[in-house]
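Q: I'd like to go over a predicted model; first the sequence, then the structure.
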Amino acid sequence: MGSEGPSAITVHVTGFKKFHGVSENPTETIVSNLRSYMQKNGLPKDLVLGSCTVLEAAGLGALDSLYKILESTVSDPDAKNNGQIIWLHLGVNSGAMRFAIENQAVNEATFRCPDELGWKPQKVAIVASDGCISRARETSLPVNEMAKALSEMGYDVAPSDDAGRFVCNYVYYHSLRFAEQHGIKSLFVHVPLFLTICEETQMQFIASLLELLPSLN
């Protein structure tokens with residue numbers, strides 16, 4: 001028998017802890033509070049909020065924990081068969097004035113400062129078997145369409161093709177590669193500091209983004 005409607009989308013969300021120059025990472029606050037915020041304001045129809053995880057702001061040293069949480073979402077056959085899985089990664093750009101939806105990640109780790117576990121690679125391939133450091137992986141989600149829809153809601157947001165070369169790009173590249181291998185989807189969004197866009201507006205923005213996802217599936 002056919003289903004009664006579209007399958008649910010399960011969205012797993014990550015943010016980051018503090019790192020050099022950012023003592024309070026807004027994405028740690030957003031991810032830590034997201035479940036209670038969405039329960040209070042109502043989850044969109046056909047959307048399930050899965051895990052909400054705050055990652056160490058580190059690359060190579062945090063890779064095992066990153067893959068552990070990625071793999072946990074595809075290891076349960078029921079979870080995958082019940083609908084689409086999307087990984088939504090949040091990171092902060094301390095110099096940004098607006099939200100940025102990242103279209104791609106590049107196979108290059110060039111950290112401007114050591115990560116939280118002391119690693120500072122320069123022009124290193126994130127995945128050596130993928131080839132040169134100019135190799136890019138793109139999300140399968142419609143970034144331009146999402147940015148336009150969120151802009152029409154009143155948010156200051158733009159699509160971006162440059163997620164940097166620091167930990168955000170590092171995590172996004174691994175996630176996009178994992179997503180392609182397992183038939184799921186991945187997206188990265190950069191947010192500003194709370195001093196630039198307040199916490200409540202940022203929570204509203206992420207809630208609005210989550211509301212969009214079922215219509216894009």
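A: Arrived safely, thanks for sending.

Q: At which residues are the strands of the protein located?
A: Secondary structure of the chain (DSSP state E): strands at 9-16, 47-55, 85-92, 99-102, 104-106, 136-138, 157-160, 185-191.

Q: how about the biggest helix by length in the chain as PDB, C-alpha atoms only?
A: Longest among the helix segments of the chain by residue count, using DSSP state H, is helix 199-216. What follows is helix 199-216, C-alpha atoms only, in PDB (Å, rounded to 0.1, in the frame of the first residue of the first chain):
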ATOM      1  CA  GLU A 199      20.100  35.300  19.600                       C
ATOM      2  CA  GLU A 200      16.300  35.400  19.200                       C
ATOM      3  CA  THR A 201      16.500  36.400  15.500                       C
ATOM      4  CA  GLN A 202      19.100  33.600  14.900                       C
ATOM      5  CA  MET A 203      16.800  31.100  16.600                       C
ATOM      6  CA  GLN A 204      13.900  32.300  14.400                       C
ATOM      7  CA  PHE A 205      16.200  32.000  11.300                       C
ATOM      8  CA  ILE A 206      17.100  28.400  12.000                       C
ATOM      9  CA  ALA A 207      13.400  27.600  12.700                       C
ATOM     10  CA  SER A 208      12.500  29.200   9.400                       C
ATOM     11  CA  LEU A 209      15.200  27.200   7.600                       C
ATOM     12  CA  LEU A 210      13.900  24.000   9.100                       C
ATOM     13  CA  GLU A 211      10.400  24.800   8.000                       C
ATOM     14  CA  LEU A 212      11.700  25.200   4.400                       C
ATOM     15  CA  LEU A 213      13.300  21.800   4.200                       C
ATOM     16  CA  PRO A 214      10.200  19.600   3.700                       C
ATOM     17  CA  SER A 215       9.100  21.600   0.700                       C
ATOM     18  CA  LEU A 216      12.500  21.200  -0.900                       C
END
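
Q: Can you list the buried residues in that helix?
A: Neighbour counts over helix 199-216 (16 or more other C-beta atoms under 10 Å) mark 201-214 as buried. C-betas here are computed from N, CA, C, even on glycine.

Q: And for stretch 106-126?
A: Buried residues in stretch 106-126 (16+ other C-beta under 10 Å): 106-109, 111, 115-116, 119, 121, 124-126.

Q: what's the first-to-last distance across it?
A: By C-alpha to C-alpha, to the nearest Å, the extent of stretch 106-126 from end to end equals 8 Å.

Q: mean confidence score for it?
A: Averaged across stretch 106-126, the pLDDT comes to 96.

Q: Please tell me how far that stretch is from the chain's geometric centre.
A: Stretch 106-126 has its C-alpha centroid displaced from the chain centroid by 19 Å (C-alpha atoms, centre = their mean, to the nearest Å).
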